[in-house]
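Colleague: My questions are about this predicted structure, shown below with the sequence.
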There are 2 protein chains.
Amino acid sequence: MKVSHEVSALRQRFPDLVFEAGCPSRVLLDHVMSKWSPLVLLALAEGGTLRWSELRRRAEGVSEKMLAQTLRTLVDDGLVAREAHPVVPPHVDYALTPLGRELTDLLSPLMVWAFDHAGAILGVEPPPARRD
Amino acid sequence: MKVSHEVSALRQRFPDLVFEAGCPSRVLLDHVMSKWSPLVLLALAEGGTLRWSELRRRAEGVSEKMLAQTLRTLVDDGLVAREAHPVVPPHVDYALTPLGRELTDLLSPLMVWAFDHAGAILGVEPPPARRD
DNA sequence: GGAAGTACCCACTTTGAAGTAAGGTACCCA
DNA sequence: TGGGTACCTTACTTCAAAGTGGGTACTTCC
């Protein structure tokens, strides 16, 4: 039984109460699930090594500030590796670390699932006859 | 190759740009990754059918307002089923729908991963000698 | 009659994430 | 001399999510 297996893995980590706000896993999840992180991570999962300007193009709509902030967080967390070449004009490469790859391997099925079900779930918001 | 397979599944859905803000998958992801949704979903994955008061206890720190709001969203999205028994005092049961179970099957490995790596990742924030 | 229990809703305030706009560096080329 | 390129940073503003503190309904028990 796959489900029971999943649940037991959960149980080991979150005994009775699940996990309180502010605990490390929440913080990490917040990093990973911030507005632009998934886009950056998936872009790197798809595209391999990418430079700053290429990431800006792929994460459509991201501002320079948010891209910098997102990348900084991911680099600090050890999920993305940053390699700056000392040339002019600047050339900086970003790529997933092995840890980052572990993450995207778990993250992308979730994104694919969300993509596949989003229309049905959000489109068919059943008429709000919810009240008892 | 597992990774290539994942990536090709991604590619099919997010051709060159990944996906713009405001698209349905973002909205769904935001629902699922809001502050309390993962706790509620995992609590239901672990605990099966739970009633309101039990959920309040498990999602340590949640306010009544936020629990109500979170549950309402999840119910509207068809991830959680709500069953109100017409007794006094009120008795309302919540449980995952099959769709919700699909989600938690993808979500819980991510949470487990986050739990296992959070300490190392956040604790070892390497001394900020990041600048070139 | 009034307190207690359960599952909520509503109005207001606070917080923090994201957006905007502007500047900054370091070098090359015209 | 003064653009132009690529990679950022900082200061200020905005806005939605979350928090706070109340209220409600219905019935049973004391």
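Modeller: Cool, the structure landed.
Colleague: Give me the residue at the spatial middle of chain A.
Modeller: For chain A, the residue nearest the mean C-alpha position is A:Pro38 (3.2 Å; Cα atoms, centre = their mean).
Colleague: And the helix or strand where that one lies, how far out from the chain middle?
Modeller: According to DSSP states H and E, A:Pro38 maps onto helix A:37-47. On the basis of Cα atoms, centre = their mean, to the nearest Å, helix A:37-47 sits 8 Å off its chain's mean C-alpha point.
Colleague: That helix and chain B, any residue contact?
Modeller: Yes. Using Cβ under 8 Å from any Cβ of the partner chain, helix A:37-47 comes into contact with chain B via A:Pro38, A:Leu39, A:Leu42, A:Ala43, A:Ala45, A:Glu46. Using the backbone N, CA and C atoms, a C-beta is placed for each residue, glycine as well.
Colleague: Give me the helices and strands touching that helix, please.
Modeller: helix A:24-32, helix A:52-58, helix A:64-76, strand A:80-85, strand A:91-96, helix A:98-123, helix B:2-13 (3 or more Cβ pairs under 8 Å, 6 or more residues apart in numbering or on different chains; DSSP states H and E).
Colleague: please redo it, this time with the cut-off set to 7 Å
Modeller: helix A:52-58, helix A:64-76, strand A:91-96, helix A:98-123, helix B:2-13 (3 or more Cβ pairs under 7 Å, 6 or more residues apart in numbering or on different chains; DSSP states H and E).
Colleague: For DNA strand C, which of the ones you listed is the nearest?
Modeller: Closest to DNA strand C of those, according to Cβ to the nearest atom of the strand: helix A:64-76, at 4.0 Å.
Colleague: what's next to the closest one, contact-wise?
Modeller: Helix A:64-76 has contacts (Cβ atoms under 7 Å, 6 or more residues apart in numbering or on different chains) with A:31, A:34, A:36-37, A:40, A:55-56, A:59, A:80, A:82, A:94, B:125, B:130.
Colleague: Could you export those as CSV, including pLDDT?
Modeller: CSV is the format used below for these (pLDDT from 0 to 100):
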residue, pLDDT
A:His31, 91
A:Ser34, 91
A:Trp36, 93
A:Ser37, 94
A:Val40, 93
A:Leu55, 94
A:Arg56, 92
A:Ala59, 88
A:Val80, 97
A:Arg82, 97
A:Tyr94, 97
B:Glu125, 47
B:Arg130, 39
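Colleague: Report the buried members of those.
Modeller: Buried residues within those, counting neighbours by 16 or more other Cβ atoms under 10 Å in any protein chain shown: A:His31, A:Ser34, A:Trp36, A:Ser37, A:Val40, A:Leu55, A:Ala59, A:Val80, A:Arg82, A:Tyr94.
Colleague: just curious, which of these is nearest to A:Ala114?
Modeller: The shortest approach to A:Ala114 among the buried ones among the contacts of helix A:64-76 belongs to A:Ser37, at 14.6 Å (Cβ to Cβ).
Colleague: Touching, A:Val80 and A:Pro98? I think so.
Modeller: No. Applying Cβ atoms under 7 Å, one finds A:Val80 not in contact with A:Pro98, separated by 11.3 Å.
Colleague: Please enumerate the shared neighbours of those two.
Modeller: By Cβ under 7 Å, 6+ apart, no residue touches both A:Val80 and A:Pro98.
Colleague: For B:Pro38, see how far away the nearest residue to A:Trp52 once chain neighbours are set aside is.
Modeller: Among residues not flanking A:Trp52 along the chain, A:Val92 sits closest, at 5.2 Å (Cβ to Cβ, 6 or more residues apart in numbering or on different chains). Using Cβ to Cβ, to the nearest Å, we find A:Val92 at a distance of 33 Å from B:Pro38.
Colleague: For chain A, give me the ranges with low pLDDT.
Modeller: Low-confidence segments of chain A (pLDDT under 70): A:1-22, A:123-132.
Colleague: quick one, domains of it?
Modeller: A:1-32, A:33-115 (automatic domain parsing).
Colleague: Dump the ones you listed into CSV; add distance to DNA strand D as well.
Modeller: Formatted as CSV, the domains of chain A follow (distance: least, Cβ to the nearest atom of the strand, whole Å):
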stretch, distance to DNA strand D
domain A:1-32, 6
domain A:33-115, 3
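Colleague: Perfect, that will be all.
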